[in-house]
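> Quick one, fold the following:
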Amino acid sequence: MSILTLAKALNSGLHDSLADDPKVVLMGEDIGTLGGVFRITDGLKSEFGADRVVDTPLAESGIVGTAIGLAMRGYRPCVEIQFDGFHAPAFDQIVSQLARYRSRVGGAWSLPVTVRIPFGGGIGSPEHHSESPEAFYTGVPGLKVVACASPDDAYWMLRQAIASPDPVIFFEPKRRYYARGPVSEVASLEMGRAKVIRPGSDATVLAYGPMVQTCVEAADAAAEEGTSLEVIDLRSLAPLDMATIEASVRRTTRCVVVHEAPKSGALGAEIAARLAEDLYYVMEAPVLRVAGWDIPYPPSRAEANHLPDVDRVLDAVDRSLAF
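Prediction:
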């Protein structure tokens, strides 16, 4: 078992995928010589060469379109969208082509393309560099959508995503890139499974990506006041692991969903609707959501007031317990 930063775990996952399969190819803006704007691909071009770690033009549609062509020829491209807000130019390629291809050809072929997207705020950057665009993709049939929150998941989920026969949108919490943690020798879970990070009995708190650590901190604070929170890292956003979620909520009877994305139309609404359909007579309180405000991402000096924090999570827990 190694102790790595989340960024280094991603780098190691890319390295081992390249080493294990000569058909794996990395593509993105500045990922080769520079090693990526966050240095996630640092050193990979020098080891594997410019034919497998490819610096591309600043053209996200072209990056994903080229990856689709490579996948049709038997390669396994893993592409980097440099910042979350830059996903939009590639959106048509991802939704109209990448997600639909297996269905379009009646299952005869698939497109094993991984699209890495650093996402979320908390790094003092402006709009287009601090977005949470996951809801654009979680409702698209044909895509798997995942978000890592720990170095162990960063390594193993990225390996699993690249090995997947179908396209995967892989979200990385950029403000957690330098958080350290263990990376195990063997994957503990399949890519589509949620993980109970902290067991509890009074309420279930669901989170993913950068908000997992915030919710663990909230659970620590709640424990000092005698409240036991169960924190679950969703890990897979599409498909959702509803079996793990519902098993927890059946025990605690209360649920709070936390994410950075604006509340309206986001993943928390989908989870709340499913729980209301399936566990209406089990829950003792409505599902509450803690999210970013329904505004364009604010200037960096105001982002602390935009992003969910421990106090906002605890306030939602208190309101849930008050029902």
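> With adjacent residues omitted, what lies nearest to residue 279?
Excluding the flanking residues, the one nearest residue 279 by CB to CB, 6 or more residues apart in numbering is residue 249, at 5.7 Å. For every residue, glycine as well, the C-beta is placed using N, CA and C.
> I figured the one you found hits residue 275, correct?
Yes - checked against CB atoms under 8 Å, the pair residue 249 and residue 275 is within contact range at 6.1 Å.
> Doesn't residue 314 belong to a strand?
No - Residue 314 is assigned helix when assessed by DSSP: H, G, I helix; E, B strand; the rest coil, not a strand.
> shouldn't it be in contact with residue 219?
No - taking CB under 8 Å as the definition, residue 314 is not a contact partner of residue 219, at 9.4 Å.
> Who has more neighbours out of those two?
residue 219 (24 against 20; other CB atoms under 10 Å).
> Helices along this protein, start to end?
For the chain, the helices identified by DSSP state H occupy 6-20, 44-48, 60-72, 91-92, 101-104, 135-138, 151-163, 211-223, 242-252, 267-279, 303-306, 310-322, in order along the chain.
> quick check, distance from the fifth one to the centre of its chain.
If I follow you right, that is helix 101-104. 24 Å (CA atoms, centre = their mean, to the nearest Å).
> Could you tell me which residues within it count as buried?
101-102 (16 or more other CB atoms under 10 Å).
> One more: the last one?
Residues of helix 310-322 classed as buried by neighbour count (16+ other CB under 10 Å): 310, 313-314, 316-317, 320.
> Closest one of the residues you listed to residue 160?
Minimum distance to residue 160 across those is 29.1 Å, recorded for residue 313 (CB to CB).
> mind giving me the domain split of the protein?
Domain segmentation of the chain under automatic domain parsing yields 2-183, 195-322.
> Tell me, how many residues neighbour the residue nearest to residue 61 when sequence neighbours are not counted?
In space, and not counting its chain neighbours, residue 61 is closest to residue 89: 4.8 Å by CB to CB, 6+ apart. Close neighbours of residue 89, defined as other CB under 10 Å, add up to 15.
> So residue 89 is in contact with residue 63, correct?
No - checked against CB under 8 Å, the pair residue 89 and residue 63 is beyond contact range at 9.1 Å.
> Got the phi and psi for residue 307?
Dihedral pair for residue 307: phi -80, psi 140, per degrees, to the nearest 10.
> Now do the longest strand seen in the chain against helix 211-223, angle only.
Secondary structure of the chain per DSSP state E: the longest strand is strand 255-262. Strand 255-262 runs at 140 degrees relative to helix 211-223, counting by axes from the mean of the first three to the mean of the last three CA atoms, to 10 degrees.
> other SSEs contacting strand 255-262?
Packed against strand 255-262, as judged by 3 or more CB pairs under 8 Å, 6 or more residues apart in numbering; DSSP states H and E, are the following elements: strand 203-207, helix 211-223, helix 267-279, strand 288-292, helix 310-322.
> okay, the angle between the last one and helix 242-252?
Direction vectors for helix 310-322 and helix 242-252, defined by the same axes, to 10 degrees, enclose an angle of 60 degrees.
> Contacts for helix 310-322 next, please.
Outside helix 310-322, the residues within contact range by CB atoms under 8 Å, 6 or more residues apart in numbering are 202-203, 205, 214-215, 217-218, 221-222, 227, 229, 254-256, 258, 285, 288-290.
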